[in-house]
Structures are given as C-alpha cells and as structure tokens.
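Student: The following comprises the amino acid sequence and a computationally predicted model.
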Amino acid sequence: MTSSADWATAPTAREPLLRGPRDRRALTVMSVAHGIQHFYVGGLAVSYPFVVAQFHVSYAALGVVLTIAGLLGGLLQGSAGLLRRASARAILTAQDTGIAVASLLAAFAPGFGVFAAARVFGNAVSWPQHPVGSAYLSDRFPHRRATVLSWHTAGGSIGTVIVPLFLSAVIAAAGWRTGLVVLGATLLAGAIILWVALPTERRPDHAHDDPVPESEPSVSLRQVLLGKRVVALLIASTIAAGGRGLGVLTTYIPAYLRSGLHLPTLTVGALFTAVVAASVAGPVLGGMLADRFGRVRTLVITYLGGAAALLAFGYVGSNIGMLAVLGVCVGVLAYTESPLLQAVFSDLTRHGSARSAFGAFFAVSFGVGSLWTAAIGWIITAAGFGVAFAAMAGSFVAAAAVILAFVRD
C-alpha cells in the first residue's frame, strides 16, 4: 500500500482537468482575477524608481516600507480560515475595491510618508487572493492541483506582463501619478468582473476532496501543520522568498534596470515585460511536469535552475540582448517555484480545511518571507545590485537543500 508520505508528492492520475462549463468558468475567472490583482504589484514596481527620485529616499528606506507592508499583508493571510462562511466572490471583490483605493491614495501622495501609508494599506487589503483563490481552486480541482495552481499563478503573471510596458508608456507621457490613477480605475473594473462572473464554491470549505484511506486516522490542522515535512516545506518557502518572483524580483528587477544599469524608461518596461511574459509559460509548464513526474522533484530542479539564472542576470551588465535572454530564464524558473510549493503543501495538508491551511502557508511564506524585501534593499544600498542577486540565488539553493533533506520521497 502507498503510504501517505509517498502519496503526498507522487504524480497523480491523469484525469480530465475540466469536468463541465462551471469548472471552465471558475478556472478562467479566478486566473483573470489574479492577473488584475497583479496589475497593482506590477504597476507599483514600475513607479518605484520615480517615487524614490521624487521624494529623495533610498532603496533601503523603500525596502523597509515594503517589508512592513509585506509582513502585514502576509500575516493577515493567516486569518483566511476565519472567513470560511464568506464566499470567495465577495472576499475578492472587496479586495480589488480596496487596492483600487490604495492606488489612488498613492497617486495623490504629497510626500513619501503618505505614499508609504498607501502602500501598507494596499497590502492590508490585497491579502485574500492567494489563500482564498488557491483554496478555491485546490478544493474544486483536487485531481490536478499542480496544474490549476500553476494556471492561477500564470494568470497573475499575465497581469504583470500587461502592466509594465503599458504603464511605463503612461508614466513617460504623463508621469507616475497619472499611471497610478489609471491603475486604480483598472482595479475597480476587476472588482466588477469578479462579482458578476465568478461561480460560487461547489461546497463549503471543509476539506479537500481526496478520500482519506481507512487506515489513516483523522488529524487536526494543527497536527498536520506541525508535521516534520510540512514544517520543512514552510522553512524552505521562507528561505526561498529571497528570490521569489512575486515579492523581491517584482520589486527590484525594474529598480536594477533603471537605477543600477541606467537604462531608458521604455527599455526597462520592455525588459521587465520579457521577464514576466516568461513567468506565464514557466508555471504552466512546471505544473504539468509536476503532475506527471513528481512535484518535489520538479520543485528542486526549478530552484537550482532559478538560482543559476538569477546569478547570471545580476552580473551580465547592460548588454540588452543578454539581459533579455537571462530575463526570460529568470521568468520561467523563478516564478514557477511558488505554485509548485503550493501543490506540495496542499498534498501534505489535504485532510484539513483548504482555506485555513493556505492561510497558514501564505502567512509564513509571504509574511515572514517579506523580511527579505528589507534585507535585499539594504544589500543593494550597501553593496550593489550584483551582490543582491547573488543573495537571491543563494536563497534558492538553500531552499532546495532543505527540500532534498526533509521533504523528498
């Protein structure tokens, strides 16, 4: 008989992904919603170099603000389990409305203090997308978790693809404040789409759909979260936050291209677009490979490949062609690790409440992991972008070592 530990990271049976039109709409709308939410993160990333220049602050100061915002937003994700009675549609509609307000507040900020407050507020209201969205999909598609969570991540990446070049053009023509006003209007449109189109959950958020083997006793979520492999996975996730796509890379790649390499605004937008365009294909490919060949194995390979790409990207210099090639590699690999981690975590905690489990996962990996944003900002200020990218690569190698030592089959 296959043990629980072996099952948790083994490839799953090849069942059809979509089992009806409501499944198709659920996956499509949730992925689109994730993309619209990423407009906020990606749009702000393009504006940071201009904000730093206008308000005469350092990247270390910006890093501290983003860390405070990340800690707040990340730790709030742990409360997802308290919202089990609220529908995903209502929660995510309120989220998009809130971050639209945050974007508009930042657009009209008279100084860095108000801009920072708006940024913190934005994280305080944008936390539900990952735990609520991932739980919604994990519960609805237990037979193909890695695939649907990868599509969810890819949807967010598509949003990040659309924003940089478009918003860079708006900023170049009318300034960063106008860019954030346009961003706020788009987020309001996203809230309307969610409310109108997202199907309600198929059932209340009680547990994953996987049957519990008769020989396997029922355990509490607390017991599951304190399991050796789950704890190791959470530690690896926190370590890997040093090079995570949504977080450190989204914040500092545009800063590196603009402030470190002094490239023109539209060139920065084009290169960052190449990175996030590749981040669409990477998670989708990674999810399919993980469901077929094993999630842990695919995750470790992704970490090691992502580390090599990050290190090369930070030291290649201002050669546009090489930056584009390496940026694509970074996008394919570094942005793929998050959905793979989520799939392994969902397997290991499959008998608890999905929303509560994912709330704990994102509180740790995005909350505590957000300390990396301040650390990388300090490294950039003290030692430069090259050393910072080396630190990002090292975080991936260390995470791979933890996975191999404690989580592998």
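Tutor: Done, it's in.
Student: number of nearby residues for Ser87?
Tutor: 17 (other C-beta atoms under 10 Å). For the C-beta atoms, the positions are set from N, CA and C on the backbone; glycine is no exception.
Student: State the phi and psi torsions of it.
Tutor: phi -70, psi 150 (degrees, to the nearest 10).
Student: same deal with the one 4 residues further on?
Tutor: Main-chain dihedrals, Ile91, degrees, to the nearest 10: phi -60, psi -50.
Student: how deep is it tucked in, by neighbour count?
Tutor: 20.
Student: With Gly317 instead?
Tutor: Residues near Gly317, counting by other C-beta under 10 Å: 9.
Student: Over to it. Which of the three states is it?
Tutor: coil (DSSP: H, G, I helix; E, B strand; the rest coil).
Student: if you skip the residues just before and after it, what's nearest to it?
Tutor: Leu261 (7.5 Å; C-beta to C-beta, 6 or more residues apart in numbering).
Student: How about the contacts made by the one you found?
Tutor: Gly317, Ser318, Leu323 (C-beta atoms under 8 Å, 6 or more residues apart in numbering).
Student: ditto for Gln54
Tutor: Trp176.
Student: still on that earlier bit, what about the residue nearest to Gly317, distance to Ala312?
Tutor: 15 Å (C-beta to C-beta, to the nearest Å).
Student: if I look at Pro199, how far off is Leu180?
Tutor: Pro199 sits 32 Å away from Leu180, taking C-beta to C-beta as the criterion.
Student: Flag every buried residue along the longest helix seen in the chain.
Tutor: Longest helix of the chain, by residue count under DSSP state H: helix 21-55. By neighbour count on 16 or more other C-beta atoms under 10 Å, the buried set for helix 21-55 is 23, 26-27, 29-52, 54-55.
Student: tell me which helix or strand of this structure sits lowest on mean pLDDT?
Tutor: helix 4-9 (a mean of 42; mean pLDDT, DSSP states H and E).
Student: Now for the closest residue to Gly314 other than its chain neighbours: which residues touch it?
Tutor: In space, and not counting its chain neighbours, Gly314 is closest to Phe389: 2.4 Å by C-beta to C-beta, 6+ apart. Residues counted as contacts of Phe389 (C-beta under 8 Å, 6+ apart) are Tyr256, Leu310, Leu311, Phe313, Gly314, Tyr315.
Student: With Pro110 as the reference, measure out to the nearest residue to Leu404 once chain neighbours are set aside.
Tutor: Nearest non-adjacent residue to Leu404, counting by C-beta to C-beta, 6+ apart: Val300, 6.0 Å away. From Val300 over to Pro110 the distance is 48 Å, taken as C-beta to C-beta.
Student: again, but for Pro264
Tutor: Counting by C-beta to C-beta - Pro264 and Pro110 are separated by 28 Å.
Student: Would you map the strands across the chain?
Tutor: For the chain, no strands are identified by DSSP state E.
Student: Low-confidence bits of it, can you list those?
Tutor: 1-21, 78-82, 84, 142-145, 201-221, 224, 245-246, 350-355, 366-369, 409 (pLDDT under 70).
Student: residues near Ala398, how many?
Tutor: 17.
Student: one step back: between Pro199 and Leu180, which one's more packed in?
Tutor: A count of neighbours by other C-beta under 10 Å puts Leu180 above the other of Pro199 and Leu180, at 29 against 19.
Student: right, and that one touches Val46 too?
Tutor: No: at 9.9 Å, Leu180 does not count as touching Val46 under the criterion of C-beta atoms under 8 Å.
Student: gap between the two ends of stretch 256-272?
Tutor: Terminal residues of stretch 256-272 lie 10 Å apart, using C-alpha to C-alpha, to the nearest Å.
Student: Buried residues of that stretch, list them for me.
Tutor: 256-261, 263, 265, 267-272.
Student: With stretch 222-241 instead?
Tutor: Those would be 224-225, 227, 229-230, 232-241, for stretch 222-241 by 16+ other C-beta under 10 Å.
Student: re the thing from before, from the contacts of Leu261, which single one is nearest Gly331?
Tutor: Leu323 (12.0 Å; C-beta to C-beta).
Student: can you tell me how far the residue nearest to that closest one when sequence neighbours are not counted sits from Val407?
Tutor: Leaving aside its chain neighbours, Leu323 sits nearest to Leu271 (5.7 Å; criterion: C-beta to C-beta, 6+ apart). Leu271 sits 34 Å away from Val407, taking C-beta to C-beta as the criterion.
Student: now Gly247
Tutor: Taken as C-beta to C-beta, the span from Gly247 to Val407 is 21 Å.
Student: And for Val163?
Tutor: 34 Å.
Student: So which of those two has more stuff around it?
Tutor: Val163 (29 against 25).
Student: Quick check: Gly70 vs Thr302, distance?
Tutor: 22 Å.
Student: and if you look at Leu226?
Tutor: In terms of C-beta to C-beta, Leu226 sits 26 Å off from Thr302.
Student: And the helices in the stretch 51-200 of the chain, which stretches?
Tutor: Assigned by DSSP state H, counting those that start in this stretch, the helices in the stretch 51-200 of the chain fall at 59-76, 88-107, 112-126, 129-140, 145-174, 176-197.
Student: before we move on, the earlier item: what's near enough to touch the residue nearest to Leu323?
Tutor: Leu257, Leu263, Ile320, Leu323, Ala324, Gly327.
Student: Also Thr67?
Tutor: Counted by C-beta under 8 Å, 6+ apart, Thr67 has contacts Ser370, Leu371, Thr373, Ala374, Gly377.
Student: what do you get if the cut-off is 6 Å, keeping everything else the same?
Tutor: Contacts for Thr67 (C-beta atoms under 6 Å, 6 or more residues apart in numbering) come out as Ser370, Leu371, Thr373, Ala374.
Student: likewise Val332?
Tutor: Val332 touches Ala278, Gly282, counting by C-beta under 6 Å, 6+ apart.
Student: give me that answer again for 8 Å
Tutor: Ala278, Ser279, Ala281, Gly282, Leu285, Ala309.
Student: ok, now Phe39?
Tutor: Gly159, Thr160, Ile162, Val163, Leu183, Thr186, Leu187, Gly190.
Student: where's it relative to Val125, distance?
Tutor: Taken as C-beta to C-beta, the span from Phe39 to Val125 is 14 Å.
Student: Cool, thanks, talk later.
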